[in-house]
Every structure is written in C-alpha cells, then in structure tokens.
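> any chance you could fold what I've pasted below:
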Amino acid sequence: MDVHEVFRIAGGVGTLAMFIPMAVEIVKRAGAGQSFATWLLWAMLDTILAASTIVRNGNFLLPLGYAVGGWLLTGLLLVKGGFRWGRLDSVILGFVFVCLVSWKLGSAKTAIIFTTLATVLATIPGLVELWRNPQRTIGNIWAGYALTNAFSFFGGTAMTVEERFSPAVFTMLALLMVAVSRREYFFARRDNPAKLDSTEDDC
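Numbering: from 1, shown residues only. Next up, the predicted model:
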C-alpha cells in the first residue's frame, strides 16, 4: 500500500465518518442550518460523480463517501420535517439532468467535470441557509470535510480530472462553508475589533 492509496482511503472513510456528527447536529437542532434540497441534490450529483469516476478508474472513494452519506442525511432531514423546495432548487435540479445528458452524449470524464461544477451550484441553498442561521458546530464539521477532501486530493496519482479535479474543488467548497458558518465572528471583528480582542483576552 503506497502513500497515495493511504490518502485515498483516509479521504473516503474520513468523509463518510464526518456524516456522523452532521447527523447528530440535525437531530439536535431539528435540521437548523441545513437544507433538504441541498443534500438531496448533492446525493444525486455525488452518485453520478462516483459512477463516472469508477468508469474512468479514477479516485472514486471520496465521491462514493459523499453519495452514501448524502442519501442518509437527505432521509434524516425529511424525517425531521426539513423539506423545503424553492425555485432555485428546481433550477439546480436541471443541472442534475444536464450532468446525466453530458454523460450520455459525451463521456464519463465530461460527466465528472459537469457534475463537480453542478455540485458547487447545488451548494447555494445550503450556503444561504447557513448564512441565515450560522452554526459554528456545523462549520467545524465542514472543516473536517475540507481535511478529508485534501486527503483525497493528495491520494490522486496525477494532476488529471479523474484523480484530483473533484477533491480540489470540494476542498475550496468546504472552506467556503466554514467561512460562512463563522460570519458573525468576522463581522464582529471588522465592526468592533477592540471589543472582540478584549473578549478574547478575558477567555
């Protein structure tokens, strides 16, 4: 087992494991800060991405972990009454079908690119939800996703679409979610840095 394989396994298994604290937070907060539509669309997109990457014999453990975890959280949010669907969600659903068409008419490699980019767009409902209701704990979980995505990136054996494109994009996406979850901290520091520094000194 070489170092690339170790990173690949760490990325895939670590990503799946990160769904456990996410599920706990959904149960504790009744889905606050989470979007049913986002997880449903992610689960669909990650399923396409995992299948496309497997066909290309690429770095598939990361998207497979996301697909399995995504379907589990989608079901949990539905049970907790977190179902909300807006016009934007319908638009993003269209991108899911675009990904399927790109795979059918193009290739699995094309589908990997389209699906990865569509996943970024599918983040918008969840990003908005987290912006409206910042959750530091959720942000910490996304920080864990950023780490596992980075593991998967280094698990790639070459700078190719099949090996490193999705992990690289997902790492940046996770870091963005972390930043949004801490927006109150950043705004507080900008608006009144002296007060924040004083509070930190007292801790």
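> what's the nearest residue to Thr157 once chain neighbours are set aside in contact with, if anything?
In space, and not counting its chain neighbours, Thr157 is closest to His4: 5.2 Å by CB to CB, 6 or more residues apart in numbering. Using the backbone N, CA and C atoms, a C-beta is placed for each residue, glycine as well. Counting by CB atoms under 8 Å, 6 or more residues apart in numbering, His4 touches 154-157.
> hmm, 10 Å instead?
Contact partners of His4, counting by CB atoms under 10 Å, 6 or more residues apart in numbering, are 59, 154-158, 163.
> repeat for Gly70
Applying CB under 10 Å, 6+ apart, we find Gly70 in contact with 19, 38-47, 63.
> ok, now Pro167?
7-8, 11, 15, 59, 62-63, 116, 148-156.
> show me which of the contacts of His4 is closest to Glu129.
Nearest to Glu129 among these is Asn59, at 29.4 Å by CB to CB.
> in three-state terms, label the closest one for me.
Secondary structure state of Asn59, per DSSP: H, G, I helix; E, B strand; the rest coil, is coil.
> that one - how many residues pack around it?
26 (other CB atoms under 10 Å).
> over to Val24?
Using other CB under 10 Å, Val24 has 12 neighbouring residues.
> could you do Arg56 as well?
Neighbours of Arg56 under the rule other CB under 10 Å: 18.
> could you do Gly126 as well?
Counted with other CB under 10 Å, the neighbours of Gly126 add up to 21.
> most neighbours among the contacts of His4, which one?
The most crowded member of those is Asn59, carrying 26 neighbours; neighbours defined as other CB under 10 Å.
> next one: that residue from Ala168, what distance?
Distance of Asn59 to Ala168, computed by CB to CB, to the nearest Å: 11 Å.
> Ile54 now?
19 Å.
> go on, Leu100?
Using CB to CB, Leu100 is found at 23 Å from Ala168.
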